[in-house]
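Trainee: pasting the sequence and the predicted model now:
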Amino acid sequence: MRKLCLASALALAAGGAVAQDVVRLGTEGGYPPYNFINDQGEVDGFEIELGNELCVRAQLTCEWVTNEWDSIIPNLASGNYDTILAGMSITPERDEVIDFTQDYIPPTPSSYIGLSADIDVTAATVAAQSTTLQASFVAESGATLLEFATQDETIAAVRSGEADAAFGDTDYLAPIVEASGGELTFIGEPVPLGGGIGMGVRESDQELKQTFDDAITAMKQDGSLNALLAKWFGEGAPSY
């Protein structure tokens, strides 16, 4: 999904947390259906249900911590939590800073949306969430990039006329387009980006990484991960 290049976190990532009684799972809490805050004020979504199940299988006591997207890797590196489950694409740039489990969502496409399907997105002003794969792609496309702290703000920029289009994960945008009643529409074909989504861990926490890898493997083998993907992303969701 999203890309964060934080060379400044390299030094921090060299250190890691020692073994502890509670494993803290870091998420954004603002990216449905991956992760969000529900009406009861609790973290919810695909990654929350997944993380809880992984902790049960690994016999770990876990708690959730929310963190803004822009600082989610530095705060993992500095020990504010022990893993990241936040729709984070596995990329070479990130892999220089932190480590990843195997993917728990296969590579998925990104899409442009706007008020008209006839927009030339290569010559338009395009909104994207900052420090993401999508923002990097737009910056290299010839379009004028407008970066925002949240994906919601990119949609608002399109509706207000500040941006001609927004670019983001298709899974995130599809329900917004559907709920808009025809106001918003997809532009062009989906764009394949990223190498799947995985759980981020500190480089020093190889035992914890292996523990979660084993649990993810078990969920792939018994079909429960595919069932969870279908529940949150629809029957046509990519699967294993």
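Mentor: Right, received. Where do you want to start?

Trainee: packing partners for the helix or strand that contains residue 153?
Mentor: Per DSSP states H and E, residue 153 falls inside helix 151-160. Contact here means 3 or more Cβ pairs under 8 Å, 6 or more residues apart in numbering; DSSP states H and E; on that basis helix 151-160 packs against strand 30-31, strand 109-114, strand 125-129, strand 144-148, strand 165-169. All C-beta spots, glycine's among them, are computed from the backbone N, C-alpha and C.

Trainee: reformat these as JSON lines; add mean neighbour count, distance to residue 102 and mean pLDDT.
Mentor: As requested, the helices and strands packed on helix 151-160 are exported to JSON lines (neighbours: other Cβ atoms under 10 Å; distance: least, Cβ to Cβ, whole Å; pLDDT from 0 to 100):
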{"stretch": "strand 30-31", "mean neighbour count": "21", "distance to residue 102": "21", "mean pLDDT": "94"}
{"stretch": "strand 109-114", "mean neighbour count": "22", "distance to residue 102": "20", "mean pLDDT": "96"}
{"stretch": "strand 125-129", "mean neighbour count": "26", "distance to residue 102": "25", "mean pLDDT": "97"}
{"stretch": "strand 144-148", "mean neighbour count": "18", "distance to residue 102": "30", "mean pLDDT": "98"}
{"stretch": "strand 165-169", "mean neighbour count": "28", "distance to residue 102": "20", "mean pLDDT": "97"}
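
Trainee: got the angle for the helix holding residue 153 vs strand 109-114?
Mentor: Interaxial angle, helix 151-160 versus strand 109-114 (axes from the mean of the first three to the mean of the last three Cα atoms, to 10 degrees): 30 degrees.

Trainee: show me where the chain has helices.
Mentor: All helices of the chain, identified by DSSP state H, fall at 10-13, 46-57, 72-77, 92-95, 133-141, 151-160, 170-179, 206-222, 224-233.

Trainee: turn the helices and strands packed on helix 151-160 into JSON lines, columns for distance to residue 96.
Mentor: Formatted as JSON lines, the helices and strands packed on helix 151-160 follow (distance: least, Cβ to Cβ, whole Å):
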{"stretch": "strand 30-31", "distance to residue 96": "24"}
{"stretch": "strand 109-114", "distance to residue 96": "23"}
{"stretch": "strand 125-129", "distance to residue 96": "21"}
{"stretch": "strand 144-148", "distance to residue 96": "22"}
{"stretch": "strand 165-169", "distance to residue 96": "23"}
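
Trainee: and residue 84, which of those strands is closest to it?
Mentor: strand 30-31 (12.3 Å; Cβ to Cβ).

Trainee: show me what that closest one is packed up against.
Mentor: On a contact count with 3+ Cβ pairs under 8 Å, 6+ apart, strand 30-31 meets helix 151-160.

Trainee: now the helix it packs on against helix 170-179, angle please.
Mentor: Put simply, helix 151-160 runs at 40 degrees to helix 170-179, going by the same axes, to 10 degrees.

Trainee: domains in this structure, by residue range?
Mentor: Domain segmentation of the chain under automatic domain parsing yields 7-107+195-233, 109-192.
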